[in-house]
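Trainee: I'll drop the sequence and a predicted model, then ask my questions.
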2 protein chains.
Amino acid sequence: MTLEGTPNTKQPENEWHLTSDRPVFIQIMEKLKLDIVTGVYAPGDKLPSVRDLAGEAAVNPNTMQRAFSELEREGLVYTQRTSGRFITEDTTMIDQLKEQMALDAISRFLKSMRQLGFSGEETLRLLTEALKEEKQ
Amino acid sequence: MTLEGTPNTKQPENEWHLTSDRPVFIQIMEKLKLDIVTGVYAPGDKLPSVRDLAGEAAVNPNTMQRAFSELEREGLVYTQRTSGRFITEDTTMIDQLKEQMALDAISRFLKSMRQLGFSGEETLRLLTEALKEEKQ
DNA sequence: ATCACTGTATTATTCTCTTAATACAGTGAT
DNA sequence: ATCACTGTATTAAGAGAATAATACAGTGAT
């Protein structure tokens, strides 16, 4: 058989992990925001084109376009009509976004645990335990 | 005017908090699971009817029915065809679910924080700080 | 037997997201 | 000027979720 053994068509490492349980354009926005606040894209960087990114994410260009439009509405990227899209150079905004995302994660977590009936102290203890577990 | 002043039609305190960003039947399942693991509904309890709960949640009966069906598929509730639905009496299953939900919350949290670039130790420190902040 | 209550099933309609296939206008290098 | 590249806009189609309006069958109290 011709297709036995190690596949020769190596996928271009799709890191998008898109699922169908939430709107795709939202998931794309989240991924891009993460890439911005973690420095994968630096302030002022040119982003790949809509078509390129859509291809990489295996998504319709319209969907990628929508994600971009929303990000632009939030001020994280700006457009030069015919030359491309760029990451904002407002580093303060980026730092604030990162802090906000961390605070949101923390408060979502505390809310979840409290809904389950765990106090702040218990939650802290459980998290500490989980981290210890990991190290083994 | 007849409708001035304090509204006389007091809403029955809707605790469902349903949003449109995710399928409603999923959110209903989450809410019911929470009510089960936290003892709002005890093992063996009879649940309100599909129509009643649908009314309370301001949702179509079909949607509530779907949420129930899924919960039943997972074994958390069982049906007596014409007399109603009941919470499972398998307390082990309920306890396991609660533990699993806590572990999931913890691992989601750690994943989020690590994606933002925070180590386990940093995350622990930030959570501790957040809890201190709250007490004031 | 009647009646009100259960869960369940069916059909049609609406809405949002997604895909698809194009088209257009501006830019910059050749 | 030409050509490949940008973002953008439009129209059509499909899938999934949700609503709406019914209908049916079994149960249990009256």
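Mentor: Arrived safely, thanks for sending.
Trainee: contacts, neighbours, all on C-alpha from now
Mentor: Noted.
Trainee: Chain B contacts on chain A?
Mentor: Contacts of chain A with chain B, taken as CA under 8 Å from any CA of the partner chain, map to A:21-23, A:34, A:37-38, A:98, A:102, A:105-106, A:109, A:112-113, A:115-117, A:120, A:124, A:127-128, A:130-131.
Trainee: so which of those also contact DNA strand D?
Mentor: Among the residues of chain A next to chain B, not one lies near DNA strand D by CA under 7 Å from any atom of the strand.
Trainee: For ChimeraX, what selects the buried ones among the residues you listed?
Mentor: In ChimeraX syntax, the buried subset of the residues of chain A next to chain B is picked out as below (16 or more other CA atoms under 10 Å in any protein chain shown):
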select /A:34,37,38,98,102,105,106,109,112,113,115,116,117,120,124,127,130,131
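Trainee: Go through the residues of chain A next to chain B and flag which are in helices.
Mentor: Counted as lying in helices by DSSP state H, out of the residues of chain A next to chain B, are A:34, A:37, A:98, A:102, A:105-106, A:109, A:112-113, A:115, A:120, A:124, A:127-128, A:130-131.
Trainee: Could you list the domains of chain A?
Mentor: The record assigns chain A these domain ranges, following automatic domain parsing: A:24-89, A:92-134.
Trainee: Give me the distance between the two termini of the longest one.
Mentor: Between the opening and closing residues of domain A:24-89 there is a gap of 26 Å (CA to CA, to the nearest Å).
Trainee: just stretch A:17-28 next, same as before
Mentor: Stretch A:17-28 has an end-to-end distance of 9 Å (CA to CA).
Trainee: what about dumping the CA coordinates of stretch A:30-42 to PDB?
Mentor: C-alpha atoms of stretch A:30-42 as PDB (Å, rounded to 0.1, in the frame of the first residue of the first chain):
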ATOM      1  CA  GLU A  30      -9.100  35.200  21.700                       C
ATOM      2  CA  LYS A  31      -6.200  33.500  20.000                       C
ATOM      3  CA  LEU A  32      -5.000  36.800  18.400                       C
ATOM      4  CA  LYS A  33      -5.400  38.700  21.700                       C
ATOM      5  CA  LEU A  34      -3.300  36.100  23.400                       C
ATOM      6  CA  ASP A  35      -0.600  36.400  20.700                       C
ATOM      7  CA  ILE A  36      -0.600  40.100  21.100                       C
ATOM      8  CA  VAL A  37      -0.300  40.300  24.900                       C
ATOM      9  CA  THR A  38       2.300  37.600  24.900                       C
ATOM     10  CA  GLY A  39       4.400  39.200  22.300                       C
ATOM     11  CA  VAL A  40       4.100  36.700  19.500                       C
ATOM     12  CA  TYR A  41       3.100  39.800  17.600                       C
ATOM     13  CA  ALA A  42       5.000  42.900  18.700                       C
END
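Trainee: Give me the contact list for stretch A:70-78.
Mentor: Contacts to stretch A:70-78, defined as CA atoms under 8 Å, 6 or more residues apart in numbering or on different chains, come from residues A:Met29, A:Phe68, A:Thr79, A:Arg85, A:Phe86, A:Ile87, A:Thr88, A:Met93, A:Ile94.
Trainee: okay, the fifth one: pLDDT?
Mentor: When you say that, I think you mean A:Phe86. A:Phe86 carries a pLDDT value of 96.
Trainee: and it, how many neighbours does it have?
Mentor: Using other CA atoms under 10 Å in any protein chain shown, A:Phe86 is surrounded by 20 other residues.
Trainee: what's the distance between A:Lys33 and B:Leu76?
Mentor: Distance from A:Lys33 to B:Leu76, by CA to CA: 37 Å.
Trainee: What residues does chain A have near DNA strand C?
Mentor: A:22-26, A:58-60, A:62-63, A:81-83.
Trainee: By neighbours, which of those residues wins?
Mentor: The residues of chain A next to DNA strand C, ranked by neighbours (other CA under 10 Å): first place A:Phe25, 19 neighbours.
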